[in-house]
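Peer 1: my questions concern the predicted model and sequence given below.
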Amino acid sequence: MFKYILMSCISICFIFMSCTQPIDVPNEPSVEKSLIPIIQIADTLKGSKGQIKDFHILDYFDSKTPIVNTEFFSEVHQITVVSYSDGSFRISQPEELTGEFKIQATITNSDNVTLEAKLMYKIEEHSVPATPLDQLLVIMPLGDSMTNDSRPRVKLWNLLTDDGHDLDFVGNQYQTSSIPDADHEGVGGIKIEGIIDKAESLMQTHSPKYVALMVGTNDIAWYFDETAPEIASRWDALIDRIFNSSEPGTYILAATIPPVSPKNVGSSDMTIKDRAVMVQRYNAEIRSIISDRKTNGDLIILADMEAALDPAIHLSNDGVHLNEMGYSVMGTVYYNAINRAFKVDQ
C-alpha cells in the first residue's frame with residue numbers, strides 16, 4: 001500500500017513539474033519602422049555671373065518627412081552657401097567667376113535617413129530676371145486669424161517691393177496697416193470647410209495669380225475629433241476647389257501650419273489627443289499631398305511654416321498664434337515660396 005501511495009505522489013509531482021516548465025514560444029518577427037527615403041529630383045543649379053543664387057532644398061530633394069539638416073560644401077572656396085531657417089539657401093561667388101562647379105550635399109530627414117549627393121553649379125553670363133519687374137503680382141492672402149494679422153503681409157509686401165515688384169493684395173477683407181494695400185482674405189476662427197464654401201466665389205471675383213494659403217489650425221488647436229489624414233483630405237479638397245475655380249496659371253503657395261504648444265484637446269476616443277502631435281501629423285500629410293500634386297503638374301509650392309518656426313521662440317502666450325518675430329518669419333517664408341514660383345515660370 002505504501003509503495004502504491006509513493007508511486008502516485010511521484011507521478012503527481014512529475015506532472016506538476018511538466019506543467020510548470022516554461023514553454024518555448026517562437027519569437028515573433030520584429031516589425032521595423034519603414035523609413036522615408038530622401039530622393040534627389042534635380043542636380044543642376046543655374047547661376048549668373050556676379051549674381052547671387054537663391055534656391056530651396058525642396059527644389060532639388062524630396063522627402064515626405066521634414067528635412068531637418070542640410071550641409072553644402074563647395075570644391076571651390078570662393079563659392080559660399082548660406083542657409084536660412086525655412087529650407088532656403090543663397091549661393092554667392094566672386095564677380096568674375098564662371099564655369100561649372102560641384103557642390104557636395106548631405107541631407108538628413110526626421111527619420112534620421114541621410115543622403116550624400118552632388119549638385120552641379122553652372123555660372124553663366126548674366127541673364128534676364130526670372131520674372132519681369134513690370135508684371136503686376138496679384139496675391140490673395142487666404143487663411144485664418146494669422147492671415148488676418150497684418151504683420152506677415154507687411155513683411156511680404158516690403159520684401160517684394162524692395163525687389164522692384166508691383167503688388168496687388170486681393171480679398172474681401174480690409175485692414176489698414178503701414179503698407180498702402182489693405183485687402184486680404186484672413187478670417188479669424190475659420191476652418192478648412194469655411195474656406196471651401198467660399199473659394200469658388202473668391203477666385204472668380206478676384207482672379208489672383210498667387211494664393212498664399214494657410215489653414216487648418218482651427219481644425220486642431222482648440223478641439224479635434226478626426227485623424228490627421230481625415231483633416232488633410234478636406235484640405236486636399238480645398239486645393240481642388242481653388243484650382244478648379246481659378247484661371248490657368250494660378251499658383252497656390254501652400255503653407256503647413258505653425259507648430260503649437262502641447263495640450264490635450266482631442267476627443268476622448270482619439271488615440272492622439274495632444275494638439276502639438278496632431279499638428280505634426282497633419283503637416284506631414286500636407287507635405288505628402290503637395291509632393292504628389294507637384295509630380296502631377298499642379299502649380300503648387302510648399303511654404304513650410306512648421307520647418308521655419310520654433311515654438312520656443314515664435315509663439316505668443318496662447319501657444320497657438322505667432323508673436324512679432326513669428327509673423328516676420330511667416331512673411332519671409334511666403335516670399336521665398338513665391339520666388340520659387342517665379343523660377344517655375346522662367
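Peer 2: Perfect, I can see it now.

Peer 1: and what about Pro258, helix, strand or coil?
Peer 2: Assigned with DSSP: H, G, I helix; E, B strand; the rest coil, Pro258 falls in the coil class.

Peer 1: residues contacting it?
Peer 2: 146, 217, 279, 305-306, 309, 311, 314-315, 322, 326, 330 (CB atoms under 8 Å, 6 or more residues apart in numbering). Placement of C-beta: from N, CA and C, glycine included.

Peer 1: roughly how far apart are it and Gly266?
Peer 2: As for Pro258, its distance to Gly266 is 19 Å (criterion: CB to CB, to the nearest Å).

Peer 1: same question, Thr147
Peer 2: Per CB to CB, Thr147 is found 25 Å from Gly266.

Peer 1: tell me which of the two has more neighbours.
Peer 2: Remark: of Thr147 and Gly266, Thr147 carries more neighbours, 26 against 20, as counted by other CB atoms under 10 Å.

Peer 1: what residues does the closest residue in space to the more buried one that isn't next to it in sequence make contact with?
Peer 2: By the measure of CB to CB, 6 or more residues apart in numbering, the closest residue to Thr147 outside its immediate chain neighbours is Gly186, 3.0 Å from it. For Gly186, the contact set (CB under 8 Å, 6+ apart) comprises 141-149, 171, 173.

Peer 1: which of these fall in helices?
Peer 2: Judged by DSSP state H, helices contain the following of the contacts of Gly186: 145-148.

Peer 1: now, which of those residues sits nearest Glu247?
Peer 2: For the ones in helices among the contacts of Gly186, the residue nearest Glu247 by CB to CB is Thr147; the value is 21.6 Å.

Peer 1: dump the residue contacts of that closest one.
Peer 2: Contacts were defined as CB under 8 Å, 6+ apart; by that measure Thr147 touches 141, 153, 184-187, 212, 214.

Peer 1: quick one: which of these is most hemmed in?
Peer 2: Ala212 (31 neighbours).

Peer 1: per-residue pLDDT, that one?
Peer 2: Per-residue confidence at Ala212 stands at 98 (pLDDT).

Peer 1: same question for Asp162.
Peer 2: Each residue has a pLDDT score; the one for Asp162 is 93.

Peer 1: what of the one 3 residues further on?
Peer 2: At His165 the predicted local confidence, pLDDT, stands at 95.

Peer 1: and the gap between it and Thr295?
Peer 2: In this view, His165 and Thr295 are 29 Å apart by CB to CB.

Peer 1: now do whatever helix or strand Lys102 lives in: distance to the chain's middle.
Peer 2: Element membership for Lys102, per DSSP states H and E: strand 99-109. Taking the mean of its C-alpha atoms, strand 99-109 sits 22 Å from the chain's own mean (CA atoms, centre = their mean, to the nearest Å).

Peer 1: what are the buried residues along whichever helix or strand comes after that strand?
Peer 2: Sequence order places strand 114-124 as the next helix or strand after strand 99-109, per DSSP H and E. Buried positions in strand 114-124, judged by neighbour count with 16 or more other CB atoms under 10 Å: 115, 119, 121, 123.

Peer 1: reformat those as JSON lines; add distance to Gly249 and pLDDT.
Peer 2: As requested, these are arranged in JSON lines below (distance: CB to CB, whole Å; pLDDT from 0 to 100):
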{"residue": "Leu115", "distance to Gly249": "33", "pLDDT": "91"}
{"residue": "Leu119", "distance to Gly249": "29", "pLDDT": "89"}
{"residue": "Tyr121", "distance to Gly249": "29", "pLDDT": "88"}
{"residue": "Ile123", "distance to Gly249": "30", "pLDDT": "84"}
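
Peer 1: which element is Glu200 on?
Peer 2: helix 192-206.

Peer 1: heading C-terminal from that helix, find the next helix or strand.
Peer 2: Using DSSP H and E, the helix or strand that follows helix 192-206 in sequence is strand 210-214.

Peer 1: can you list contacts of that following strand?
Peer 2: In contact with strand 210-214 (CB under 8 Å, 6+ apart) are residues 137-144, 146-147, 156, 195, 203, 238, 242, 246, 250-257, 303, 305, 330, 334, 337-338, 341.

Peer 1: go again with 7 Å.
Peer 2: Contacts to strand 210-214, defined as CB atoms under 7 Å, 6 or more residues apart in numbering, come from residues 137, 139-143, 146-147, 242, 250-255, 257, 305, 334, 338, 341.

Peer 1: skipping adjacent residues, who's closest to the most centrally placed residue in the chain in space?
Peer 2: Within the chain, one residue has its C-alpha closest to the average C-alpha position: by CA atoms, centre = their mean, that is Asp304, at 3.2 Å. In space, and not counting its chain neighbours, Asp304 is closest to Thr256: 5.3 Å by CB to CB, 6+ apart.

Peer 1: now the residue nearest to Thr147: how far from Leu315?
Peer 2: If you measure Gly186 against Leu315 using CB to CB, the figure is 18 Å.

Peer 1: likewise for Ile192?
Peer 2: Computed with CB to CB, the distance linking Ile192 and Leu315 is 22 Å.

Peer 1: same check on Gly326?
Peer 2: 7 Å.

Peer 1: any chance you could map the strands in the stretch 201-346 of the chain?
Peer 2: Taking DSSP state E, counting those that start in this stretch, the strands of the stretch 201-346 of the chain run over residues 210-214, 251-255, 300-303.

Peer 1: can you say which of these is nearest to Ala232?
Peer 2: Distances from Ala232 to each of those were compared by CB to CB, and the smallest falls on strand 251-255, at 11.5 Å.
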